[in-house]
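Asker: Okay, here's the prediction I keep looking at, along with the sequence it came from:
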Amino acid sequence: MARKASPSFELALGNVIIEGLADVGYFDGVHPALACATAGGKVFVHSPHEKNDPDADGQGGGRQEEVQQKPGAPPIRYLNINRQVTALKVGRFKPETQMDTLMVGTQTNLLAYNVEQNSDLFYKEVQDGINTMTFGKVGSIDTPLVVVGGNCSIQGFDYEGTELYWTVTGDNVTALALADLRGEGQNELLVGSEDYEIRIFRDEEVVTETTETDKVLALEPLYGTRYAYALGNGTIGVYERHTRSWRFKSKHRVVTVCAHDLDSDGVVEVVTGWKNGKLEGRHERSGESVFKDAFPSAVSSLSIADYRMDGRKCLIAASYEGLIRGYLPFERVEDDSAEMDNQLQEAMRLWMQEKQNIERELKTYEENLDKQKKGQRDGGLIPEDTKVTVSIRPCKTKACVELVLKSSQSTIIKMAIVTAEFLFGSNESTVAYADPNNPSSTLSVFFKPEKNVSTQLFIKAIVGNNLGNLFHVFEQEFALPKFAMYVPIKEMPKEKPEGVVSLIVSERVNRVGMWAQQSFNFPYQSQNQNSFHAMFVSLRTGEFLMISMKAEGQMEINAQSMEVVGDIIQDLCQNLGIKEMEATADFPTELEVFSKVIQKVDGYNAVRVQLTMEMADSSQLVKALVIRAEDARILSEMALMRQHYQRLRELNSQLIGEYIKRSNNHTELLSALREVNAMIQKAARLRVGQAKTRVVTECREAIKSNNIPSLFKIIKVGHLK
C-alpha cells in the first residue's frame, strides 16, 4: 500500500509557478535558491538562506532586478524577461567557480544569466524556438552545454553562446534528458517529440528509436540503462534501453517527473507530479505505488536539493499556486509491527481471493470432465482440440487491415477483445461482436494504423457452441507487420513512382526476401536466389512501392515518399544487423517543394530584418515625442502637448500593427524552418551509421553558409565529396 508522505517543511511564495519551469541552483556558490518562471514574462528567485539586503537592488546595471522585502522572510528577486518563458534550467558551466548559471528560454531567444552579479553571460537568438531544455555534457564534447529542443531541431551552446552541437529530429522536441546509458563516461541524449518517438542520440547519431502511444512530455534518467518517461495521455513508465519494464496509465496528465529515493531502500523511486495536484512515487522495478501526497493545485515542478542546508537532500515539490513542500526520506523502522500487520492482511486478502477463483475454475473443469466421461452432452462443452487461428489480410474496400479469427471443431466465436498499442487511439483496445442472427466460426476485426509501426496484438476470443450459454476464453498473441498497410500486387503500375533510392546491401537475396515476408506480410517464394522483386500499393494513400535487388547486392527502392523509403531502409538494416549504409536518392517532386520552402525561408528572414529595423526607428521616435509632450506640459503649452500625444497615439497603433505583422511572419518562418529540418531528417534516414550522421552535419554547414546547391547535393548523394 502507498504510504502518505508528510512534508518536512512548507512555504507559500504567493507567485504562480508555470508548469515544468522551476529548478534549484547555487547562484552564489554556497546557498541553494529556487528559480521559477511566473506570469508576465518574469522569473523569480527564492533564496531561503539570504538575509534581506536593502542595497541588493540595482547591482551595477544589467537586467532590472526587483527585491521584494518582507519582514522576517528571505528576499524574492524578480528578473524581467519581458517575453513568455518556455524553458528554464540551472547548470554550472565552469565547475571551478562553484556558481550556477540560470538559463531561460523563450520562443526566439536563449538567455544565460548570472544571478549573483546581475549580468548576462550571453543572449542568443534561436530561430527554431525553445520548447524544452537540459544541461550537461553531450557525448564526446568535454564542455558542459545548455541543450535546447525546438522546431524539429536540437542545439547545444557553451558558456560563450557558441553552438557546439546541432542535430535534427522527426518533430517538435518536447522532452530532453542526458544519461550515460552505456556506462562509458559519455552521456547519451534522450529526446522525446510530438511524433510519439523517444530517440537516443550518441553524439549526432540516433542509436535507438522507440515509438510510444502519445506525445512525450518528460524523460528522467534513473540509473544504469534505465530511464522513466511520461506521455500526454497520462501514461508513465520505465524503459531498460529500448525495452519497456512497466507502465501505468491515468486519466490525468503528468506535468513533471524526477528520480529520488524517498523510502530509504537504496533504490530511487519514479516521482511524478500531476495536473490534478497528485504527488506520487512508484517503485522503479515494479511500478507499485510507494508514497503519495496531494496539492490544492497542479504540481509544477520537482527538484532534488539540500534546501535546508542540513546535509540531507530532499524532494522539493512546487505547485502552480506557489506552494512549496519539502520531503525528507522516510526513516526505516525495523519493529513497525502495525504497518507490517496491515501489509500482511492485505496480502492475505488477495491470496484468499485468488484461491477462491482457482477453486471455482477447478470445480468447473472437474464437472465438465465428469460429463464427458459419462457421455453427457453439455452446451457449454467444446472439444479438447479446439483451436483459434489468427491471420491478417488487406481489405481494399475499407482501405484497412482485416484481422481474421477462425475457430475449429464447429464452434462459434461470440466476440473478441483485441488490445494493442498504436491502433485504437487512447483506449488501446477494441471489441468485436459476432452477428447474433448468424453466428459463425469466423470473426473479423478491422483497423487502420496511422503510421508504419510494428506492434503486438493481444487477443481474447470468446468461443463456444451455438446452443450453449457458457463460453471459453482463448488468449492469443499476434505480431502485426510494420508495413501491414501495403498490399502486394503483381501487375506493374502504369506510372512508375518517380522517387528512387539506390544502395548496396551486403546480404544474400534470400535474407532480404525473408525480411520482406516478415515486415510486409509478403508471400516470398525462395526459388529464385539471384534476384528479388516485389511491388506494393498503400491502402493508406494509394501510392505504389517497388523493391528490387540483384544478386550483386544492388537494391533499388521506388516510391513517391522519401519518408516511407526511410522507414523501409531503417527497418531493413535493423532486421539484418547492418550498421553502415550509403545511398543515393532522387525525389524530384519533394525536392522541388523543398526548393520553394528554402525560398520562403529567405523571404521571411528578409521581412523579419526589415520589420525589426522599422520598429527600432519607431521606438526612437516614441521616446522623442514623450519628451516633447512633457516639455510642452511644463511650459503650459496644452495645444502643442495634445498634438504630441495625438501623434503618439497614431504611432502606437502603427507599432501594434507592425508587431502583428512580425508575429505572423515569425509563425510562418517557424513553419518553414520545420519543413527544412524535417527534410534533413528524412534525408538522413535514407542512410545508416556514419553516413547518416554525416548528412546531418554537412546539411547544417551548408545552411549556415547559405550554400543551397551543396545542400541539395548532400540530400541526393549523402556527402559533398
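Answerer: Happy to help now that I have it. Numbers count the residues shown, from 1 in each chain.
Asker: so Ala12 touches Leu323, yeah?
Answerer: Yes: using Cβ atoms under 8 Å, Ala12 is in contact with Leu323, at 5.7 Å. Every C-beta, even on glycine, is put in place using the N, C-alpha and C of the backbone.
Asker: Roughly how far does Glu675 sit from Cys152?
Answerer: Between Glu675 and Cys152 the computed distance is 9 Å (Cβ to Cβ, to the nearest Å).
Asker: Let me see the ranges of the strands in the stretch 451-600 of the chain.
Answerer: Per DSSP state E, counting those that start in this stretch, the stretch 451-600 of the chain carries strands over the ranges 455-464, 472-480, 486-489, 499-504, 531-538, 544-550, 554-559, 583-586.
Asker: could I get those as TSV with distance to Thr86 and mean pLDDT?
Answerer: Output for those, formatted as TSV (distance: least, Cβ to Cβ, whole Å; pLDDT from 0 to 100):
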stretch	distance to Thr86	mean pLDDT
strand 455-464	33	92
strand 472-480	37	91
strand 486-489	39	91
strand 499-504	37	94
strand 531-538	37	91
strand 544-550	40	92
strand 554-559	37	94
strand 583-586	35	94
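Asker: Show me which of Glu675 and Cys152 is the more surrounded one.
Answerer: Cys152 (26 against 18; other Cβ atoms under 10 Å).
Asker: What residue, apart from its backbone neighbours, is nearest that one spatially?
Answerer: Of all residues not flanking Cys152 in the chain, Asn677 sits nearest, at 3.6 Å (Cβ to Cβ, 6 or more residues apart in numbering).
Asker: Make TSV out of the strands of the stretch 451-600 of the chain and add mean neighbour count.
Answerer: Formatted as TSV, the strands of the stretch 451-600 of the chain follow (neighbours: other Cβ atoms under 10 Å):
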stretch	mean neighbour count
strand 455-464	18
strand 472-480	14
strand 486-489	18
strand 499-504	18
strand 531-538	18
strand 544-550	19
strand 554-559	19
strand 583-586	19
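Asker: okay, these in a markdown table with distance to Gly311 next?
Answerer: Formatted as a markdown table, these follow (distance: least, Cβ to Cβ, whole Å):
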| stretch | distance to Gly311 |
| --- | --- |
| strand 455-464 | 48 |
| strand 472-480 | 52 |
| strand 486-489 | 62 |
| strand 499-504 | 59 |
| strand 531-538 | 62 |
| strand 544-550 | 63 |
| strand 554-559 | 62 |
| strand 583-586 | 57 |
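Asker: Among the ones you listed, which comes closest to Val216?
Answerer: strand 455-464 (17.4 Å; Cβ to Cβ).
Asker: Format the CA atom coordinates belonging to that closest one as PDB.
Answerer: Coordinates of each C-alpha in strand 455-464 appear next as PDB, following Å, rounded to 0.1, in the frame of the first residue of the first chain:
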ATOM      1  CA  THR A 455       3.100  -3.900 -32.600                       C
ATOM      2  CA  GLN A 456       1.900  -6.900 -30.700                       C
ATOM      3  CA  LEU A 457      -1.800  -7.800 -30.700                       C
ATOM      4  CA  PHE A 458      -3.200  -9.400 -27.500                       C
ATOM      5  CA  ILE A 459      -6.400 -11.200 -28.400                       C
ATOM      6  CA  LYS A 460      -9.100 -12.800 -26.200                       C
ATOM      7  CA  ALA A 461     -11.600 -14.700 -28.200                       C
ATOM      8  CA  ILE A 462     -14.900 -15.900 -26.600                       C
ATOM      9  CA  VAL A 463     -15.600 -19.400 -28.100                       C
ATOM     10  CA  GLY A 464     -18.500 -21.800 -27.500                       C
END
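Asker: hang on, the earlier thing: could you name the helices and strands sitting against the helix or strand harbouring the residue nearest to Cys152?
Answerer: Using DSSP states H and E, Asn677 maps to helix 638-684. With contacts defined as 3 or more Cβ pairs under 8 Å, 6 or more residues apart in numbering; DSSP states H and E, the packing partners of helix 638-684 are strand 163-168, helix 562-576, helix 588-634, helix 690-704, helix 708-717.
Asker: could you redo those as CSV and give each row distance to Phe248?
Answerer: Formatted as CSV, the helices and strands packed on helix 638-684 follow (distance: least, Cβ to Cβ, whole Å):
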stretch, distance to Phe248
strand 163-168, 31
helix 562-576, 29
helix 588-634, 41
helix 690-704, 35
helix 708-717, 42
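Asker: out of the ones you listed, nearest to Arg244?
Answerer: helix 562-576 (17.5 Å).
Asker: can I assume Asn368 sits in a helix?
Answerer: Yes: the assignment for Asn368 by DSSP: H, G, I helix; E, B strand; the rest coil puts it in a helix.
Asker: does Phe291 sit in a helix, a strand or a coil?
Answerer: Following three-state DSSP, the label given to Phe291 is strand.
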